Structures are given as structure tokens and as C-alpha cells.
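Q: Fold the stuff below for me.
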Amino acid sequence: MITFKNVKKIYETNDQSIAALNGVDLEIRKGEIFGVIGFSGAGKSSLLRCVNLLERPTSGSVTVDGQDLTTLSAKQLREAKQHIGMIFQHFNLLDSNTVFANVAKPLVLKGVKKDEVERRVTELLEFVDLADKADHYPDQLSGGQKQRVGIARALATQPSVLLCDEATSALDPQTTQHILRLLKQINQEYGITILLITHEMGVIREICDRVAVIEAGQLIESGTVFDVFSNPQTATAKNFVRSVMQDEIPASVQKVIDQRDAGHHIYKINFLGAGTGQPLLSQVAKRFDVDLNILHGSITELQNIPFGSLLVELIGDAAEIKRALQYIDQSDVIVEEVLADAS
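A: Just a heads-up that it's a prediction; the model follows:
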């Protein structure tokens, strides 16, 4: 549906060249919600804006629904962009226009007949639950209402792709949840492919099917939300996951660990799916001559799949601990040694 091939975006200043995107290869499938996460300055906004050529790539190609946008004429590009809607962080509404007029603007610019504009805008305002605000102006609305107007406007031309530029970062947590549920509804009911960028991993966990992590203009990790959350491979991805999964060792527990003598080993065990309901540690304690001490733990759901994480201390003879770990490895879990003994 959306394909980036070796996309580079270089900004030239008076004394230097800045590579916002440095050889990005990415494929976003039709009908999915794909998230791109990164810190400020990582290149995620440049990536998003290359999809509708608000930023033209310095090199490489961007293909949307079978068309390489970088090769189109101005007229062809205008037509192609009518199938790409965009939602902005700060709404980008026209303050002098009513809610109705804001939503109608893309249709008016397209030359749609007045009665069709009336029908389409009325339908969209009902969809985003703002039918009673049609004659209001943006400064009479809350932040969440403004964003719903922005969403209705983005849907006006019946796009096949919806781009979300930090669409919830200016909103409070409760309103954010409402907007995310609306985006999920749009994806499910209209089959629209959604590409969103964010610096909030909670947004990714809430609605995305797949995610890519961007850093210094390069995609450093990607996969399903479940895979990246349950087993992040890069330091940046681990930091983002930790921000919402709360699997960092508490200071009080870390102090206890630091005071341990030799023979104490610390492991993080991630339980996936059905494995979260198995009495694995109880079985280990019965089968092997090791003592188990659960130091910290949590359980959550990722894409409706249970995911649990335990920080466990194994105490005993090294050979027996090795046998216990081999047994654990045979189960549906991921084991990572967090801290070996301090000897």
C-alpha cells in the first residue's frame, strides 16, 4: 500500500547538510495501522510528510497504492493526494470558518456539488459525534473536539490512506483514548490504511498492528507490536517499551540485588500467550535444587495476547541453575539474564 525504497531527505543549510532520512526502506500493508515512533529530531515527521510529498525526498521512491508519487506530474500528484488524508498535531483548522465549513473545505476545493457537500459533511459530523457543533467556530471547541473536526475533514474526500502527525500529543490522556478509539473505528469500518507517528509508546500499544522505531533518520527496528514490546532488540526500543511496560527494576529491589553474595543470579522471564497461565516456576522449584525469589513482576495484554514479565532470582549451585534454565527454555517464555552474581 505504502512503500519507501531507499528514501533519503537532506536539508541544506548555510554551512551543512542534515540527513533527516538516510536510506529508509519500509512497506506498510493495505488496511493496517502502522506506527512509527522516535524521539524528537529522529526523522519521523519527515518520513510522514514524504508520503503526500509535503516533503519531497532527495532521493529514493515513495509508492502509494501502486503509484510512485515522486514521478507524477503536478496534476497527477494533486489527484493522488486527494486519496491521502492528514490529521495534524495542532488541528490546523480555519478559525474564521465554522465546523461545517472546515470539514467541507476539501470538497469545495475539489469542486463537489453543493448538495453532495451537504450530505457528506453532515454524515461525517455525525460519525465523529459533532453534529450539534456544525455552526460553532473552532475557538468554541475543546481540544478533543477540534481534533475530531480535523479527522472529519481528513475523511471528506474518502481517502484510502490516513496520515496522523502526532495526532494526540496535544491532548489529555482521557481525550487521547477517545481519539484513538475513533481512529480504530475508522480503520475497521472504512478499511483505511493508517500511518501514524508518535513519541508515545502507549499510543502504539493501544491501536497499532505493526511498529517501526526510527533513530537518526534510519529505521533501526520493526515488527508486530507484540514482537517489539515482548522482545525489543535495540536500546532505543527497550527505552520506549520500558516507558509503558514498567519492567524496570525498582530502586529498592536493585539495592537488595546489589547486596547479594555469589551464587545469586537474576533473570527476566517474559511469559507469552498461554504461557502466562502455566505454573512454570512452581514446577522448577519442585524439579531442581534451586531457590526461587520473585523480585518484581507485571502482566498486561498486547493485541489481546497476555504478556507477563517476572524478575526472578535463582539461588543455588551453578550446575543446578543451568539445568533449571534449560527446563525453562523449553517453555513458551523468553529468558534474559539481567544481572549475574557480583563475584
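Q: Could you use CA atoms for every contact and neighbour count after this?
A: Fine.
Q: measure stretch 77-95 end to end?
A: From its first residue to its last, stretch 77-95 covers 28 Å (C-alpha to C-alpha, to the nearest Å).
Q: how far is it from where the chain is centred?
A: Counting by C-alpha atoms, centre = their mean, to the nearest Å, stretch 77-95 is centred 20 Å from the centre of its parent chain.
Q: Then stretch 2-9?
A: On C-alpha atoms, centre = their mean, the centre of stretch 2-9 falls 19 Å from that of its chain.
Q: Okay, buried residues for that stretch please.
A: Ile2, Thr3, Phe4, Asn6, Val7, Lys8, Lys9 (16 or more other C-alpha atoms under 10 Å).
Q: and that stretch, what's its mean pLDDT?
A: Averaging pLDDT along stretch 2-9 yields 97.
Q: can you list the residues that contact that stretch?
A: Residues from elsewhere that reach stretch 2-9 (C-alpha atoms under 8 Å, 6 or more residues apart in numbering): 19-30, 46, 51, 56-65.
Q: dump the residue contacts of the residue nearest the centre of the chain.
A: The structure's the chain has its C-alpha centroid closest to Ile204; by C-alpha atoms, centre = their mean the separation is 2.8 Å. Contacts for Ile204 (C-alpha under 8 Å, 6+ apart) come out as Gly35, Ile37, Thr198, Val211, Val225.
Q: Let me know the secondary structure of Ile266.
A: Three-state call for Ile266 (DSSP: H, G, I helix; E, B strand; the rest coil): strand.
Q: Quick one: neighbours of it, just the number.
A: When neighbours are counted by other C-alpha atoms under 10 Å, Ile266 registers 21.
Q: Please renumber the chain so that the first residue is 24 from this point on.
A: All right, first residue 24 from here; so that's Ile289.
Q: Now do the helix or strand hosting Gly225, average pLDDT.
A: Using DSSP states H and E, Gly225 sits within helix 224-230. For helix 224-230, mean pLDDT is 92.
Q: which residues are contacting stretch 231-251?
A: By C-alpha under 8 Å, 6+ apart, the list of residues contacting stretch 231-251 reads 42-48, 55-62, 64-67, 227-228, 256-257, 259-260, 325-326.
Q: Mind checking which of the residues you listed land in helices?
A: If you go by DSSP state H, these have Lys67, Ile227, Arg228, Thr259, Ala260 in helices.
Q: Show me which pair in those residues is furthest apart.
A: Spanning the widest gap among these are Lys67 and Arg228, at 17.6 Å by C-alpha to C-alpha.
Q: Compare those two (neighbour count), which wins?
A: Lys67 (29 against 21).
Q: Which residue ranges of the stretch 74-223 of the chain form strands?
A: For the stretch 74-223 of the chain, the strands defined by DSSP state E, counting those that start in this stretch cover 82-87, 90-91, 107-110, 184-188, 216-221.
Q: Tell me which strands the shortest one pairs with, and in which orientation.
A: Looking back up the chat, that one is strand 90-91. strand 82-87 (antiparallel) (DSSP bridges).
Q: buried residues in the strand it pairs with?
A: Residues of strand 82-87 classed as buried by neighbour count (16+ other C-alpha under 10 Å): Ser82, Gly83, Ser84, Val85, Thr86, Val87.
Q: Output the residues you listed in JSON lines, with distance to Ala341 appended to each entry.
A: JSON lines is the format used below for those (distance: C-alpha to C-alpha, whole Å):
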{"residue": "Ser82", "distance to Ala341": "55"}
{"residue": "Gly83", "distance to Ala341": "54"}
{"residue": "Ser84", "distance to Ala341": "55"}
{"residue": "Val85", "distance to Ala341": "54"}
{"residue": "Thr86", "distance to Ala341": "55"}
{"residue": "Val87", "distance to Ala341": "56"}
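Q: Now do the domain split for the chain, please.
A: By the record's domain assignment, the chain is partitioned as 25-267, 273-360 (the TED database).
Q: Give me the distance from stretch 121-134 to the chain's centre.
A: For stretch 121-134, the distance to the chain centre is 30 Å (C-alpha atoms, centre = their mean).
Q: what's next to it, contact-wise?
A: Contacts of stretch 121-134 (C-alpha under 8 Å, 6+ apart): 116-117, 140, 144, 156-161, 172-173, 175-177, 179-180.
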